[in-house]
Every structure is written in structure tokens, then in C-alpha cells.
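> based on what follows, work out the 3D shape:
(one chain, ligands or ions: 2)
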Amino acid sequence: MMVHQPESAATLVALQSVSQCYPGRQGMVKVLDGVSLSVCQGDFIAITGESGSGKSTLLNIIGLLMPPSSGVVSYQGRPVSFGRGAEMAQRAAGRPIGFVFQQFNLIPSLSVLDNVALPLLYQGLAPAVRAAQSLAVLETLGIADKAGQRPDDLSGGQKQRVAIARALVAQPALMIADEPTGSLDPRHADEVMTLLCELNQAGMALVMVTHDLALAARAKSRWRIAAGRIVHD
Ligand SMILES: Nc1ncnc2c1ncn2[C@@H]1O[C@H](COP(=O)(O)OP(=O)(O)O)[C@@H](O)[C@H]1O
Ligand SMILES: [Mg+2]
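Ligands and ions are numbered 1, 2, ... in the order given. Now for the predicted structure:
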């Protein structure tokens, strides 16, 4: 069944006929083949598909991290220009997009607090402001007591919570999560999933890739990639 967005839901990212090719052994391989998809405020989209089907590629394009080989990517109704690099495309879009990955991608030599504060460093905020904002997010996520520790001192579930805090600190309208529970045991996976659902209920749009159909079932809409195409489940 198609789920129609209410008229008032503002479109954040829209992909129109997006294709992505990579060089393969026997010429170019089309990983995405004419994919169209909109991400609106309040959406919670789960994307499934076999390994190598193009899920991460699609997330990178939705997250404005890379231009597609062809097709149009729009942010809030305006076509995105990738000419000056992906980071510029994100910044030009006005609001940052938060990312969470399977392997957490925390920096081991930095404290939890400094990991969370990194996106604010790039915004040029003063150290005291960065620390205060980061601590506030850690408090919201219930891990403020870990602020001074290193990522390696934490459990997988706690590490992912820190990575989510880092994605949240710049107050993104959209969070992109690439198999966020892929490295976690079932209990921690469930905790992280519950946190992501709560953030979505608080208004943050969420696009999540997962292998776990039970987790995908908790999204508001589900899509599957197969043979370069995206189909609504
Ligand atoms: N930068 C790249 N260069 C060449 N091939 C790539 C690149 N990124 C991904 N691919 C290939 O594209 C296909 C889809 O990759 P990916 O989007 O990572 O899939 P998934 O996340 O579903 O496992 C794979 O065959 C992968 O090897
Ligand atoms: Mg992937």
C-alpha cells in the first residue's frame, strides 16, 4: 500500500531518476538505476536489500555526500550543486545531515565529549560552547557520565549512543543511519533502535538501512533495493 505524505510535510531531500555507476571488471556497473525517492520531515524510512545492492551508495547520495552519476538531487525543493565538493553541498543546504554508521567511526584518541563536539568544531564555535552543547546532548541520551572516557572503554551499545549524540549535536533535520545496529547484540540493538524511534517521534527524519526485518518493521515506510531499482514493501 502506498503511504501518502500529508500536504504539510516539507520535503527535505528528493531524488529524481538517480543512477549510479561504478567501474567494474567488464566496464561500468550500474548500481542504482533510475531511483526516485523523497524524504520528508518526520519520515522514518527503512531501506533493505542484499549485500552489495547499493544501499550505502543510496544513503551517501541522500546525505548529499556524493553526486550521482546522473539524475537530480534536491534539498528543500532546490537542486543541489555538488560542484564545490560534498561538504559544501551539505553546508549550502543550510542544515546539516547527521550520519550514524555500523562501525561507530568514533575517534579513539578523543574523549567521548570531544567526539560528540567534533561537528561543532567545524562550525567554529568557542570551546566552552561546544562542550556545553555536547554535554547537553549526552545528558539527553543518558550517557553524560561517560563524557570523560575514551570510546574503547564503552560497550558497543554505548559507542553507538555516542555516535548518535555526535550526529545530533548539530541539530540535523535528517539523520542517516547505515546499519546502525549491525555490530550490536540483540539487547543493545533494541535499545539503539528505541532511541532512534524516539528521536523520530520528536520530529527528526530518519533514513535507516538494516538487514534486520524486525527492525525495519518499526519504520513508518519500507523500501527494498534490488537490481538497481527501489521498490516499496
Ligand atoms: N567507490 C566505489 N567504487 C567502485 N565500486 C563501488 C564503490 N562503492 C561501492 N561500489 C560497489 O557498488 C556495489 C554496491 O555497494 P554498496 O552501495 O556499498 O552496497 P550495500 O551497502 O548494499 O552493501 C558493490 O558491488 C560495491 O562493490
Ligand atoms: Mg552498505
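> would you mind naming what in the chain lies close to ligand 1?
22, 31, 49, 51-57 (C-beta under 6 Å from any ligand atom). For glycine as for every other residue, the C-beta is placed from the backbone atoms N, C-alpha and C.
> and for residue 50, the neighbour number?
By the criterion of other C-beta atoms under 10 Å, residue 50 has 11 neighbours.
> give me every residue that touches it.
Residues in contact with residue 50 (C-beta atoms under 8 Å, 6 or more residues apart in numbering) are residue 226.
> which of the three states applies to the residue lying closest to residue 227 once chain neighbours are set aside?
Leaving aside its chain neighbours, residue 227 sits nearest to residue 33 (7.4 Å; criterion: C-beta to C-beta, 6 or more residues apart in numbering). Here residue 33 is recorded as strand under DSSP: H, G, I helix; E, B strand; the rest coil.
> relative to the whole chain's centre, how far out is stretch 120-136?
Here stretch 120-136 is found 21 Å from its chain centre; the criterion is C-alpha atoms, centre = their mean, to the nearest Å.
> buried sites along that stretch?
Buried residues in stretch 120-136, counted by 16 or more other C-beta atoms under 10 Å: 120, 130-131, 133-135.
> dihedrals phi and psi, residue 40?
Torsion angles at residue 40 (phi, psi; degrees, to the nearest 10) stand at phi -110, psi 160.
> contacts only, for it.
5, 9-12, 205.
> among those residues, which lie within strands?
Judged by DSSP state E, the subset of these located in strands is 11-12, 205.
> gap between residue 41 and residue 173?
Using C-beta to C-beta, to the nearest Å, we find residue 41 at a distance of 7 Å from residue 173.
> right, I'll leave it there.
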